[in-house]
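[1] coords please:
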Amino acid sequence: MSFRILCAIAILALAGCASRQAPSTSDDAAQGSSSNGSSESSFAEPSSLSSDAMVAEEKLKSTEPSVYFEYDKFILSDRYMTTVQAFTDYLRTHPGSNLLIEGNCDERGTIEYNLALGQKRADAVKDAVTALGIRAERIETISNGEEKPRNTIKSEAGYSANRRADLIIR
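    Predicted structure coming up:
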């Protein structure tokens, strides 16, 4: 794993040394100065964008794309903030990408209740991503309720695998 990271850093360093910044045009200057107040940038230097994007991609590859919830809860635990941060970093460095968040529940509860709870779970993750600077327009949330279980074993271990929100880059 550390060899892979060292290789990535070396490649990034070489890529940064070999790249040239194109001369700025009036369109580039206008685009760079028209900030909408969010921390997302619509213009970045090509070399920094590519190195940041590569780091974000590697971070995302090593992150499980789900956050899990306690029974009958939709509060996002602090322990899943690294997952949220990895997806946020990816979205920040890949402005053409969007995020789909699917809220899921275990089979206990009515269909209607589980659909509502799954939506609240997806919305909780969306709120965390937007709090870190990603525009809400880039995030779609849906609830699967109990319809997409990850585990069909009728035990607490099986149920806990189904109480989640899945994050999907599109």
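[2] helices and strands of the chain: which one bottoms out on pLDDT?
    Lowest on mean pLDDT, DSSP states H and E among the helices and strands of the chain sits helix 26-33, with a mean of 37.
[3] need the longest helix for this protein.
    helix 111-131 (DSSP state H).
[4] Toward the C-terminus, what is the element adjacent to that one?
    strand 139-145 (DSSP states H and E).
[5] Can you give me the neighbour number for residue 127?
    15 (other CB atoms under 10 Å). For every residue, glycine as well, the C-beta is placed using N, CA and C.
[6] actually residue 77, sorry about that
    What residue 77 shows, counting by other CB under 10 Å, is a neighbour count of 11.
[7] what's the answer for the one 4 residues further on, then?
    Residue 81: 14 surrounding residues under other CB under 10 Å.
[8] for residue 155, same thing?
    Neighbour tally, residue 155, other CB under 10 Å: 8.
[9] Which stretches in the protein count as helices?
    2-18, 26-33, 46-61, 81-93, 111-131, 156-162.
[10] weakest of these in terms of mean pLDDT?
    Among these, helix 26-33 carries the lowest mean pLDDT, a mean of 37.
[11] re the thing from before, can you state the direction angle for the longest helix of the chain and helix 81-93?
    Going by axes from the mean of the first three to the mean of the last three CA atoms, to 10 degrees, helix 111-131 is angled at 60 degrees with respect to helix 81-93.
[12] show me what contacts residue 124?
    Residue 124 is in contact with 74, 75, 76, 165, counting by CB atoms under 8 Å, 6 or more residues apart in numbering.
[13] wait, which of these is closest to residue 115?
    residue 74 (12.6 Å; CB to CB).
[14] Can you get me a residue count around the closest one?
    With other CB under 10 Å as criterion, residue 74 counts 20.
[15] quick one: it and residue 117 touch, right?
    Yes: judged on CB atoms under 8 Å, residue 74 makes contact with residue 117 at a distance of 6.3 Å.
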